[in-house]
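>>> the following block contains a protein sequence and its predicted model.
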Amino acid sequence: MGSRSSSLFKDHVAGIPVGLLRFIVFVPFGIYNSIASNHWNVIRSHPELHSGIYGSTIANGETFAQKWASFGFYWNFAVWVPTIIVPPPFSLIFGIVDAAIAVLISLSTKLQSGYSPHDIDRCGGTGAHDWGLPPGANESFFEASARLNATATNSFQMCKSYVVEWQYGIVLAFFYSLIAFINISVCTYSCLFHFRETQRQNRSFVKWILDAAIVFPKAIGIMLVAFLWYIPVLVFRCLPIGFKAPTRHARRYTAKTGLRAASGTEVQLEKLAKMTTRRKDGKGTRYQGGGTEAEPTKLADFLGIYDILMLVVEDLHYTDIVNLSLASKSVREAVLPAEDYERRLNHFRMYTCESDSKEQCWVCTNQICYSCTRRPIFKQTTPYHHLDVCNPYCTHCYKVLTRTPRPTKGPPVCTCAPATPTPNIFQRIAYSSLYYSRGQVSLNSVLRHVCQQCASLSEEEVYAVRRKRTERELRGTGKEAAGCGKCKAALGGGPRWWVCRKCELECTAFCHRAWAKGGKGGKGRVVVGDEAV
């Protein structure tokens, strides 16, 4: 899929030179069409110019020129963007029409060569009077046209306009021949190249054509959505900050309220599913002790005395005492008895490791310190970025932040996070799957503090364990916030506003908790979860 997307992207890039050339001839084509239309209107309105002594050659030439100049001008304007968007082989249609326009303009210019001077200098003096003067006539075609023209002009200016029309015809014939040549050449080369590639890779050439056919309606849909969405957004961003801030706050508050109701049902169903699974297979419960009696050992008898155990713990790290409890069943009962499990762990955290550098392992829940920590480097993926960088704000600080004037051209929300590895269908349509796959390759590396046990795991195993913990924290069952990231005040129940620490803009990612229930003392229960916006 990535190679097909890359080849289609290259096909689009090949249409950029053609689009640039079309943009260059916008003004020349408009001038050419205006001059040809003006000449034809004068001739059509006065019979003596097309059915009298001047014959029908000039009338036929200007009719031909006006007809195809008008068609070419509107065609060039209409297919400017589609030429860039539509990939081969469908862009061949544009090349064929471009070639036809180049031929028709060339024929029109050839017809004009029979009755129009090729140099403006030939219109000076008596040139406009003498050029093509019929026998026995008192005025030339240019003099008669100037006299009958609705706008005030003279024979020199009328003659000059015919010269300019002829010159513009030559220029446009050249440029449109170049556009047609590039368009047809690129399309032909692309088709031959992809035909050889599909044959070499034993793939269907028809499948490549179908993939290319999907691109055009996709691009049109994106352009339509972008027009209907971004035009109002741009207008809104130009409004005063006093109007934008309350409007954004009301919109975000409404969104978080809706997500609160939707996520509450989902969380309850997930908890019910976990309870049902545990009751069914008996798994997921902590060690309860008891069972087959283990033969006591001297080490177990020694550590069974609580005061001696605490003296031993003071010279150990937290991971050491955890590993010690796994030596045997009798040692585990002595170090971590089931009836005193939580209190023992709290005491171990209190007395083990260096007191001034205690922290939690980035992967598991083990306590580590400066001496026992390991420092491997891991990729900064999207969920980890939000956990590390985004801080919860209270409503007051959030309102102050949104009312702060910012540059109109900058993004209104945070865009610091790396691309998600699992984009939804709308994200894939808007940015393509290639954008998200490349984003995972270019992730930054971050130094992490882990315990000895996690340092011995492979990178895949570390990510698997850490992913489970991250999911718990994002679902609101793990990490809690100490207070507002700005004023440090306690966070009560209600909406949660998340702000990036780097750019100080609101983060609207769906991995943050949108709402928190109030607890005793006004403190929020948990502030991180999967209900966020």
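That came through fine. Note that the coordinates shown come from a computational prediction; the quantities given were computed from them, not determined experimentally.
>>> who touches the spatially most central residue of the chain in this structure?
In the chain, the centroid-proximal residue (Cα atoms, centre = their mean) is Tyr431; its distance is 4.5 Å. Taking Cβ atoms under 8 Å, 6 or more residues apart in numbering as the contact definition, Tyr431 lies against Pro423. For every residue, glycine as well, the C-beta is placed using N, CA and C.
>>> tell me how the protein divides into domains.
Domain segmentation of the chain under automatic domain parsing yields 2-237, 298-352.
>>> okay if I get those as a markdown table plus mean neighbour count and mean pLDDT?
Output for these, formatted as a markdown table (neighbours: other Cβ atoms under 10 Å; pLDDT from 0 to 100):
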| stretch | mean neighbour count | mean pLDDT |
| --- | --- | --- |
| domain 2-237 | 17 | 82 |
| domain 298-352 | 16 | 84 |
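>>> wait, which of these is closest to Pro383?
domain 2-237 (23.3 Å; Cβ to Cβ).
>>> distance of Trp515 relative to Ala255?
Distance, Trp515 to Ala255, by Cβ to Cβ, to the nearest Å: 11 Å.
>>> show me which of those two is the more surrounded one.
Taking other Cβ atoms under 10 Å, Trp515 and Ala255 do not tie; Trp515 has more neighbours (22 against 14).
>>> go ahead and confirm the more buried one touches Gly494.
Yes: using Cβ atoms under 8 Å, Trp515 is in contact with Gly494, at 6.9 Å.
>>> and the residue nearest to the centre of the chain, how far from Ile105?
For Tyr431, the distance to Ile105 - Cβ to Cβ - is 40 Å.
>>> can you give me the end-to-end distance of stretch 471-486?
26 Å (Cα to Cα, to the nearest Å).
>>> got it, and stretch 489-496?
13 Å.
>>> and that stretch, how far out from the chain's middle?
Put simply, stretch 489-496 sits 32 Å off its chain's centre (Cα atoms, centre = their mean, to the nearest Å).
>>> and if you look at stretch 21-30?
Worked out by Cα atoms, centre = their mean, stretch 21-30 lies 31 Å from the chain centre.
>>> so is the residue of the chain positioned farthest from its centre in a helix, a strand, or just coil?
Here the centre of the chain is the reference, and by Cα atoms, centre = their mean the most remote residue is Gly136, at 73.3 Å. Under DSSP: H, G, I helix; E, B strand; the rest coil, the three-state class of Gly136 is coil.
>>> separation between it and Glu143?
Note on Gly136: its distance to Glu143, by Cβ to Cβ, is 15 Å.
>>> contacting residues around Ala78?
Contacts of Ala78 by Cβ under 8 Å, 6+ apart: none found.
>>> ramachandran coordinates for it?
The phi and psi values for Ala78, taken as degrees, to the nearest 10, are phi -70, psi -40.
>>> from Phe71, how far out is it?
10 Å.
>>> cool, Asp388 as well?
Asp388 is 60 Å from Phe71, by Cβ to Cβ.
>>> now the domains of the chain in TSV, with distance to Lys399?
Listed next are those as TSV, based on distance: least, Cβ to Cβ, whole Å:
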stretch	distance to Lys399
domain 2-237	18
domain 298-352	39
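>>> ranges for the helices of the stretch 101-250 of the chain?
Listed in chain order, the helices of the stretch 101-250 of the chain (DSSP state H, counting those that start in this stretch) span 127-130, 141-148, 155-200, 205-237, 241-281.
>>> need the ones you listed in CSV (columns: distance to Ile53).
Below are those laid out as CSV (distance: least, Cβ to Cβ, whole Å):
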stretch, distance to Ile53
helix 127-130, 15
helix 141-148, 9
helix 155-200, 16
helix 205-237, 54
helix 241-281, 71
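>>> helix or strand for His392, just tell me which one.
To be clear, residue 392 is Pro; His isn't right here. Taking DSSP states H and E as the criterion, Pro392 maps to strand 390-393.
>>> what mean pLDDT does that strand have?
Taken as a whole, strand 390-393 has a mean pLDDT of 87.
>>> what are the contacting residues of that strand?
By Cβ under 8 Å, 6+ apart, strand 390-393 touches 401, 414, 481, 484-486, 491, 496-501, 507, 509, 512, 527.
>>> if we use 6 Å, what do you get?
Ala481, Cys484, Gly485, Lys486, Arg496, Trp497, Trp498, Val499, Cys500, Arg501, Cys507, Val527 (Cβ atoms under 6 Å, 6 or more residues apart in numbering).
>>> now the spatially closest residue to the third one that is not a sequence neighbour: how far from Leu178?
Sequence neighbours aside, Asn391 is the residue nearest to Gly485 in space, at 2.8 Å (criterion: Cβ to Cβ, 6 or more residues apart in numbering). Using Cβ to Cβ, one gets 57 Å for the distance from Asn391 to Leu178.
>>> ok, now Phe302?
For Phe302 relative to Leu178 (Cβ to Cβ), the value is 93 Å.
>>> same check on Pro418?
43 Å.
>>> repeat that for Trp229.
Trp229 is 37 Å from Leu178, by Cβ to Cβ.
>>> ditto for Trp515
61 Å.
>>> and for Gln452?
Gln452 is 69 Å from Leu178, by Cβ to Cβ.
>>> quick check: phi and psi at Glu359.
Dihedral angles (degrees, to the nearest 10) for Glu359: phi -160, psi 180.
>>> count of neighbours near it?
Glu359 has 12 nearby residues by other Cβ under 10 Å.
>>> next: Pro240.
8.
>>> now the one 10 residues further on
Neighbouring residues of Ala250 were enumerated by other Cβ under 10 Å; the total is 10.
>>> looking at this, Ser355 is in a helix?
No: counting by three-state DSSP, one finds Ser355 to be coil, located in no helix.
>>> run the chain-centre distance for stretch 494-501.
Taking mean C-alpha positions (Cα atoms, centre = their mean), stretch 494-501 and its chain are 23 Å apart.
>>> buried stuff in stretch 392-408?
Across stretch 392-408, burial judged by 16 or more other Cβ atoms under 10 Å covers Pro392, Tyr393, Cys394, Thr395, Cys397, Tyr398, Leu401, Thr402.
>>> so which pair among those residues is furthest apart in space?
Among the buried residues of stretch 392-408, Pro392 and Thr402 lie farthest apart (Cβ to Cβ), at 15.1 Å.
>>> what's opposite the residue lying closest to Arg375 once chain neighbours are set aside in the beta bridge?
Excluding its sequence neighbours, the residue lying closest to Arg375 (Cβ to Cβ, 6+ apart) is Leu447, at 5.5 Å. Legend: beta-bridge partners of Leu447 under DSSP bridges are Ile377.
>>> any idea of the pLDDT on Leu447?
For Leu447, the model assigns a pLDDT of 89.
>>> for Thr285, same thing?
So Thr285 comes in at 46 (pLDDT).
>>> can you start the count at 379 instead of 1 from here on
Taking 379 as the first residue, the last one we looked at is Thr663.
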